[in-house]
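>>> Got a sequence here, can you model it:
(one chain, ligands or ions: 2)
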Amino acid sequence: MKKAENQILVIFGASGDLTHRKLLPALFELYSRDLLPEKFQVIGAARTPQSTDEFRNKQQAFISEVLKISDYSQLSKLADFLQLVNYIDFDTDDAKQYQILKEKIIFLEKEYNIPDNIIYYLATPPAMYDIIPINLQKCGMNVSLSGGSRKIIIEKPFGYDLESAQRLNHLLESTFHESEIFRIDHYLGKETVQNILVLRFSNGIFEPLWNRNYIDSIEIISTETLGVENRGKYYDIVGALRDMVQNHLMQLIAFIAMEPPATFDPESIRDEIAKVFKALHVYSPEERVHNIIRGQYMEGNIDEKKVIGYRREKNVAPNSNTETYIAMKLMIDNWRWGGIPFFIYTGKRLKEKRTEIIIHFKSTPQQFFIGQCSGSSCNQLIIKVQPDESISLKFGLKIPGAGFEVKQVSMDFKYNTLSEEKLPDAYERLLLDAMLGDSTLFSRNDALEASWKFIDPIEEEWKKHPSKDLCYYKAGSTGPTIISNFREQTFRYIRNECELPIQNEIQ
Ligand SMILES: NC(=O)C1=CN([C@@H]2O[C@H](COP(=O)(O)OP(=O)(O)OC[C@H]3O[C@@H](n4cnc5c(N)ncnc54)[C@H](OP(=O)(O)O)[C@@H]3O)[C@@H](O)[C@H]2O)C=CC1
Ligand SMILES: O=C1O[C@H](COP(=O)(O)O)[C@@H](O)[C@H](O)[C@H]1O
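Ligands and ions are numbered 1, 2, ... in the order given. Model prediction:
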């Protein structure tokens, strides 16, 4: 495995949730697998006053809890890793403090003989995504005068709408080169998501079938049992459409729907992703009513424990109309997918945590056999992204005995049969790729803007009619929607979960 160049990683927002739950555990895993650069230092920066030793002690506790480390050798390895981690008190808004950060970087470069290669990670609230590049530029920290490299990783949400995304893109591109900008979407770091590309482009049997002639419809399901946790303030402004659909689920759609790239290099792949987003059918207001359903969770039970409704969550407006659930039919207006619906479902406080892609193939032209998969097609390809990662192909076979009765059976591949090792966390892969300068699994500006062009009209419509058609569902349920009839491909509310009057049902 190729090693990244020697470098320093600066994490802005180092005292926050993302750093201790994802970034530092991922770096420790890379360290344990000897994948970090030979010479490497981390500088954590945030306002909370604390010494490097205090920061290391806190991270020791966090990381061992997150990774469930208890044995002595692992704990001692963790202590060694934390020697690479430093902390400075830092306010992103205060331009003078960047000079102190610069001096710290120069000190570490000299002390550990690290060339001037710096990677900045923005793990702060999104409101700081513009001030940090501006101040880095003011202090000359966005370029290296000695031929070293600069990179910047930006967390989601990347913008709030098309205009803010364009503004942020413009600002970033005026301070860093596009090849130095890494817009992270952690779904692309998931092993099972990357495998969609390998499944499609290394197996000759799927490509001839992978189009409107053989595929009937595609479902993408991403449900969670978690509520908004301590992120009410962020979530109440954003909602499920911006939090999950605009980024993660659209990336899944892109991997399923994209054309084979000319070559397997980052730009060719990202060209194809952008083309999918540009081909998304933007609904007229009339079409929208029939193709998008939004919901919000009420109180209910998750794992037999009572949980509160969304409107009573901390930092959520008591009369909030923010959606915590989306069911949506998308169409891609191109030659491969014209007329084929992509159904997506995502929501919080649902019955189970599950992310899955189901490719429904068309049925045979005639159905000869009794029980032929209950009248619909026998053939589905199911890509289980998480948990229990697997790929299954479903088909119909004869039940032994007299006659020709058909039963749907399954050929299953489970990831845990491939290796004893647990699958790496998405952030491990993405941090490593960014350090290596490989942008394949990061979003490009044009694709992002195209995705906002699809999302914006929906949000604008909801802004005009904040509570219209908002449907409520009980926490712990399967949500308010089913596809009532796969052949007609229409959504229908599940009556007992939705408080909408019957006449509002979507036919
Ligand atoms: N947590 C998660 O699982 C995910 C988070 N994200 C994104 O990552 C980013 C960080 O999220 P998260 O860690 O949850 O947020 P937190 O609120 O937990 O952390 C924010 C961090 O920013 C620091 N900060 C805030 N203001 C300033 C400032 N003026 N100067 C310097 N540091 C500042 C805070 O520390 P202090 O108060 O000490 O300054 C803290 O370290 C967000 O943009 C979020 O949307 C994306 C996907 C998942
Ligand atoms: O980015 C986000 O993703 C998580 C879901 O991620 P997963 O890897 O657990 O599927 C979601 O809970 C969160 O609201 C969203 O901001």
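>>> Would you tell me which residues of the stretch 101-250 of the chain are close to ligand 1?
With Cβ under 6 Å from any ligand atom as the criterion, the stretch 101-250 of the chain comes near ligand 1 at residues 123-126, 128, 155-157. C-beta coordinates here come from the backbone N, C-alpha and C atoms, glycine included.
>>> Name the member of those residues that has the highest neighbour count.
residue 123 (23 neighbours; other Cβ atoms under 10 Å).
>>> list the contacts for the residue nearest to that residue when sequence neighbours are not counted?
With Cβ to Cβ, 6 or more residues apart in numbering as the criterion, residue 123 has its nearest non-adjacent residue at 3.6 Å, and that residue is residue 13. Counting by Cβ atoms under 8 Å, 6 or more residues apart in numbering, residue 13 touches 19, 45-46, 122-125, 128.
>>> before we move on, back to that, can you put the residues of the stretch 101-250 of the chain next to ligand 1 in JSON lines and add distance to ligand 2, secondary structure and pLDDT?
What follows is these, written out as JSON lines (distance: Cβ to the nearest ligand atom, whole Å; DSSP: H, G, I helix; E, B strand; the rest coil; pLDDT from 0 to 100):
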{"residue": "123", "distance to ligand 2": "13", "secondary structure": "coil", "pLDDT": "96"}
{"residue": "124", "distance to ligand 2": "15", "secondary structure": "coil", "pLDDT": "95"}
{"residue": "125", "distance to ligand 2": "13", "secondary structure": "coil", "pLDDT": "91"}
{"residue": "126", "distance to ligand 2": "11", "secondary structure": "helix", "pLDDT": "91"}
{"residue": "128", "distance to ligand 2": "17", "secondary structure": "helix", "pLDDT": "93"}
{"residue": "155", "distance to ligand 2": "9", "secondary structure": "coil", "pLDDT": "94"}
{"residue": "156", "distance to ligand 2": "6", "secondary structure": "coil", "pLDDT": "90"}
{"residue": "157", "distance to ligand 2": "8", "secondary structure": "coil", "pLDDT": "89"}
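>>> how about these, which pair is most distant?
128 and 156 (13.9 Å; Cβ to Cβ).
>>> Overlap in contacts, the two.
Joint contacts of residue 128 and residue 156 (Cβ under 8 Å, 6+ apart) do not exist.
>>> quick check, distance from the helix ranked longest in the chain to the centre of its chain.
The longest helix of the chain (DSSP state H) is helix 445-464. Taking Cα atoms, centre = their mean, to the nearest Å, the mean C-alpha location of helix 445-464 is offset from the chain mean by 17 Å.
>>> Can you give me the buried ones in that helix?
Buried residues in helix 445-464, counted by 16 or more other Cβ atoms under 10 Å: 445-456, 458-459, 462.
>>> packing partners for it?
helix 162-175, strand 181-183, helix 250-257, helix 266-278, helix 285-291 (3 or more Cβ pairs under 8 Å, 6 or more residues apart in numbering; DSSP states H and E).
>>> Tell me which residue of the chain lies closest to ligand 1.
residue 16 (2.1 Å; Cβ to the nearest ligand atom).
>>> Could you tell me how many residues sit around that residue?
17.
>>> hang on, isn't it packed against residue 48?
No: between residue 16 and residue 48 there is no contact under Cβ atoms under 8 Å: 9.4 Å.
>>> I'd assumed residue 427 was in a strand, is it?
No: under DSSP: H, G, I helix; E, B strand; the rest coil, residue 427 sits outside any strand and is assigned helix.
>>> Enumerate every residue touching it.
With contacts defined as Cβ under 8 Å, 6+ apart, residue 427 is in contact with 22-23, 25-26, 186, 189.
>>> can you check residue 356 too?
By Cβ under 8 Å, 6+ apart, the neighbours of residue 356 are 219-222, 382-385.
>>> and these as JSON lines, adding secondary structure, neighbour count and pLDDT?
JSON lines is the format used below for the contacts of residue 356 (DSSP: H, G, I helix; E, B strand; the rest coil; neighbours: other Cβ atoms under 10 Å; pLDDT from 0 to 100):
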{"residue": "219", "secondary structure": "strand", "neighbour count": "18", "pLDDT": "93"}
{"residue": "220", "secondary structure": "strand", "neighbour count": "24", "pLDDT": "96"}
{"residue": "221", "secondary structure": "strand", "neighbour count": "21", "pLDDT": "96"}
{"residue": "222", "secondary structure": "strand", "neighbour count": "24", "pLDDT": "97"}
{"residue": "382", "secondary structure": "strand", "neighbour count": "17", "pLDDT": "96"}
{"residue": "383", "secondary structure": "strand", "neighbour count": "22", "pLDDT": "97"}
{"residue": "384", "secondary structure": "strand", "neighbour count": "21", "pLDDT": "97"}
{"residue": "385", "secondary structure": "strand", "neighbour count": "22", "pLDDT": "96"}
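>>> who does the helix or strand hosting residue 152 pair up with?
Element membership for residue 152, per DSSP states H and E: strand 150-154. Strand 150-154 has its sheet partners listed here by DSSP bridges as strand 118-122 (parallel), strand 181-183 (parallel).
>>> JSON lines for these, including mean neighbour count?
Putting those into JSON lines (neighbours: other Cβ atoms under 10 Å) gives the following:
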{"stretch": "strand 118-122", "mean neighbour count": "24"}
{"stretch": "strand 181-183", "mean neighbour count": "23"}
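>>> rewinding a little: so can I have JSON lines of the contacts of residue 427 showing distance to residue 5 and pLDDT?
Converted to JSON lines, these look like this (distance: Cβ to Cβ, whole Å; pLDDT from 0 to 100):
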{"residue": "22", "distance to residue 5": "23", "pLDDT": "96"}
{"residue": "23", "distance to residue 5": "19", "pLDDT": "98"}
{"residue": "25", "distance to residue 5": "23", "pLDDT": "97"}
{"residue": "26", "distance to residue 5": "19", "pLDDT": "97"}
{"residue": "186", "distance to residue 5": "24", "pLDDT": "95"}
{"residue": "189", "distance to residue 5": "21", "pLDDT": "94"}
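>>> Those residues in helices, which ones?
Residues of the contacts of residue 427 located in helices (DSSP H): 25-26.
>>> Number of residues surrounding whatever residue of the stretch 401-507 of the chain ends up closest to ligand 2?
Of the residues in the stretch 401-507 of the chain, the one nearest ligand 2 is residue 426, at a distance of 6.8 Å by Cβ to the nearest ligand atom. When neighbours are defined as other Cβ under 10 Å, residue 426 has 23 of them.
>>> separation between it and residue 251?
As for residue 426, its distance to residue 251 is 12 Å (criterion: Cβ to Cβ, to the nearest Å).
>>> which residues sit against stretch 15-24?
11, 13, 42, 44, 46-48, 50, 55, 58-59, 62-63, 66, 85, 121, 123-124, 155, 186, 230, 425, 427, 431.
>>> now stretch 369-385
187, 190, 192-193, 195-196, 199, 206, 216, 222, 252, 354-364, 367, 390-396, 398-399, 403-408, 486-487.
>>> hmm, 7 Å instead?
With Cβ atoms under 7 Å, 6 or more residues apart in numbering as the test, stretch 369-385 has contacts from 190, 192-193, 196, 216, 355-363, 390-396, 403-408, 486.
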